[in-house]
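Colleague: Sequence first, predicted coordinates after that:
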Amino acid sequence: METQVIGKGDAAGADDVRNIGTVVFGFTATEWGTDAYTINAATLQDDTLRVNVSYSGGCETHAFTLVAEERFLESLPVQLRVSLAHNANSDTCEALITEDYHFDLTPLKEAYQIGYRKDTGTIILRLKGAPPGELAYEF
């Protein structure tokens, strides 16, 4: 699979969604940011991964990117290693910020559908640093 940026969500019309993150395949997380954060919770709803994160800052805009490995791990169901990259944009402020970020997983579903030639399936997301629990993305 070719390394590619595969999407940034569009918050237009989504009143309850403030922070839409970018999803990328085949990059390393360090290419998108290496600033510290803590994942407090991660849940799946339909085609959306919702992640509650905490970090220090408050003076600059922060960006979170969901970075997916280039290949699925062959198992039943398949697994995919993903991680969050955090770019604090050199924010030196020290307030503790806790926010929800939302990631559209449709590109992961489409990669599965093309690779496995199936319309439906399950991908177990192995989100680095997430609290214990399985993230089973079913479509």
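Modeller: In hand now; what should we look at? Numbering: from 1, shown residues only.

Colleague: Model confidence score at the residue positioned nearest the centre of the chain, please.
Modeller: Among the residues of the chain, Leu66 comes closest to the average C-alpha position under C-alpha atoms, centre = their mean, at 3.0 Å. Looking at Leu66, its pLDDT stands at 95.

Colleague: mind checking which helix or strand it is in?
Modeller: Element membership for Leu66 (DSSP states H and E) is strand 63-68.

Colleague: cool, Pro107 as well?
Modeller: Applying DSSP H and E, one finds Pro107 within helix 106-116.

Colleague: May I have that helix as PDB, with CA atoms only?
Modeller: Taking Å, rounded to 0.1, in the frame of the first residue of the first chain, the C-alpha atoms of helix 106-116 are listed here in PDB:
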ATOM      1  CA  THR A 106     -14.200   5.200   6.700                       C
ATOM      2  CA  PRO A 107     -10.800   5.200   5.000                       C
ATOM      3  CA  LEU A 108      -9.800   2.100   7.100                       C
ATOM      4  CA  LYS A 109     -13.000   0.400   6.100                       C
ATOM      5  CA  GLU A 110     -12.400   1.200   2.400                       C
ATOM      6  CA  ALA A 111      -8.900  -0.200   2.600                       C
ATOM      7  CA  TYR A 112     -10.200  -3.400   4.200                       C
ATOM      8  CA  GLN A 113     -13.000  -3.700   1.500                       C
ATOM      9  CA  ILE A 114     -10.500  -3.300  -1.300                       C
ATOM     10  CA  GLY A 115      -7.800  -5.600   0.200                       C
ATOM     11  CA  TYR A 116     -10.200  -8.400   1.300                       C
END
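
Colleague: Brilliant, that's me finished.
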